[in-house]
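> Mind looking at a prediction? Sequence and model below.
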Amino acid sequence: MQRYKFTVEYNGTPYVGWQRQNNGLAVQQCIEEAIYKFCQTKVSLYVAGRTDAGVHALGQVFHVNLPVDLRADKVRKALNYYLENQLVSIVDGEKVGEDFHARFSATKRHYMYRIINRPAKLAVEKNLAWHVPLKLDTDAMQEGAKHLLGTHDFSTFRASHCQANSPVRTLDKIEIVKDGPNIQIYVEALSFLHHQVRNIVGTLYAVGLGKWTPDDVKTALEAKDRCKGGQTAPPEGLYLTKVVYGNR
């Protein structure tokens, strides 16, 4: 068996998320079915990070063991052939050793959250960003975001059904970039709690509207209580953009 590492992008709109479920089509299922059509082998994929329904990826990573020893680009092309009718594309691939694990070998994960801040509804970008019609103060949002950098108990920003053993995480970066009506929130960490990014964005949204002050973010963080945080931002604005291995 040869282990392959693949980078995949997908539009999460029509899927129930990455992980196989009984209530609809998952990204994982699409790829596993493509692999079966390619080499008649049932496999399980190991992924860097599961994404929820409606969440997108530009740089998701998974590994899989296959009973073929071909160039990675040939396998990539074959899988994309069988994924032709899905909003899923394998964008890169390479052979790796048995010591590589898509989840456990990762050293950092990058997410981006997209907001389009304008009165008019979305047409082309529908389901690809969060439409916020009321004006947001991104300077205040960035000031509030500073309180979240570093190592903290992020219970306030953790989904109630999160299964992580500990709410403690280290947020290495949170940056808000505004370009006209387009607002991107970039976050980086080794790992994230379930809904952590979306709950952070929902809290900063309250700051941007002026309903919260930047210091209210610090108060919410220290409360360690999900009820003290802001709303959960919708999934369509969230993108897993990159998974880092080693120092790359």
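Perfect, thanks for sending it. Numbers count the residues shown, from 1 in each chain.
> which residues are contacting stretch 209-226?
With contact meaning Cβ atoms under 8 Å, 6 or more residues apart in numbering, stretch 209-226 is reached by 134, 136-137, 140-141, 143-148, 152-160, 167, 199, 203-204, 206-207, 228-230. In this view, the C-beta of every residue, glycine as well, is placed from N, C-alpha and C.
> Now list the buried members of those.
Buried subset of the contacts of stretch 209-226 (neighbour count, 16 or more other Cβ atoms under 10 Å): 136, 140-141, 143-145, 147-148, 152, 154-159, 167, 199, 203-204, 206-207, 229-230.
> what pairs with the most centrally placed residue in the chain across the strands?
Central residue of the chain (Cα atoms, centre = their mean): residue 240, 3.2 Å from the mean position. The partner list for residue 240 in beta bridges (DSSP bridges) reads residue 57, residue 111.
> separation between it and residue 212?
Residue 240 sits 27 Å away from residue 212, taking Cβ to Cβ, to the nearest Å as the criterion.
> can you check residue 65 too?
Distance from residue 65 to residue 212, by Cβ to Cβ: 48 Å.
> now residue 245
37 Å.
> Show me which of the two is the more surrounded one.
Taking other Cβ atoms under 10 Å, residue 245 and residue 212 do not tie; residue 212 has more neighbours (20 against 16).
> Can you show me the strands along this protein?
Using DSSP state E, the strands of the chain run over 2-10, 46-47, 56-66, 88-96, 106-117, 130-132, 150-153, 168-179, 182-189, 238-245.
> Out of these, which is closest to residue 30?
Of all the strands of the chain, it is strand 88-96 that lies closest to residue 30, at 5.2 Å by Cβ to Cβ.
> Who are the packing partners of the closest one?
Judged by 3 or more Cβ pairs under 8 Å, 6 or more residues apart in numbering; DSSP states H and E, strand 88-96 is in contact with strand 2-10, helix 27-39, helix 72-82.
> now these in a markdown table, with distance to residue 102?
Below are those laid out as a markdown table (distance: least, Cβ to Cβ, whole Å):
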| stretch | distance to residue 102 |
| --- | --- |
| strand 2-10 | 7 |
| helix 27-39 | 12 |
| helix 72-82 | 14 |
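> Tell me which of those lies nearest to residue 60.
strand 2-10 (4.9 Å).
> Tell me the strands beside that closest one, with direction?
The pairing partners recorded for strand 2-10 under DSSP bridges are strand 56-66 (antiparallel), strand 88-96 (antiparallel).
> Taking strand 238-245 as reference, get the angle to the shortest one.
Direction vectors for strand 88-96 and strand 238-245, defined by axes from the mean of the first three to the mean of the last three Cα atoms, to 10 degrees, enclose an angle of 10 degrees.
> The longest one now?
Computed by the same axes, to 10 degrees, the angle separating strand 56-66 from strand 238-245 equals 50 degrees.
> For strand 56-66, what does the pLDDT average out to?
The average pLDDT within strand 56-66 is 98.
> what's the answer for stretch 218-234, then?
The predicted model assigns stretch 218-234 a mean pLDDT of 97.
> buried stuff in that stretch?
For stretch 218-234, the buried set under the neighbour-count rule, 16+ other Cβ under 10 Å, comprises 220-221, 224, 226, 229-230, 232-234.
> where does the chain have low pLDDT?
Scanning the chain for pLDDT under 70 picks out the ranges 248.
> Break it down into its domains, please.
The record's domain parsing of the chain by automatic domain parsing lists 2-96, 108-245.
> which ones among the buried ones among the contacts of stretch 209-226 are found in helices?
Using DSSP state H, 140-141, 143-145, 199, 203-204, 206-207 are the members of these that sit in helices.
> Between those residues, which sits nearest residue 83?
The closest of these to residue 83 turns out to be residue 199 (Cβ to Cβ; 31.8 Å).
> Brilliant, that's me finished.
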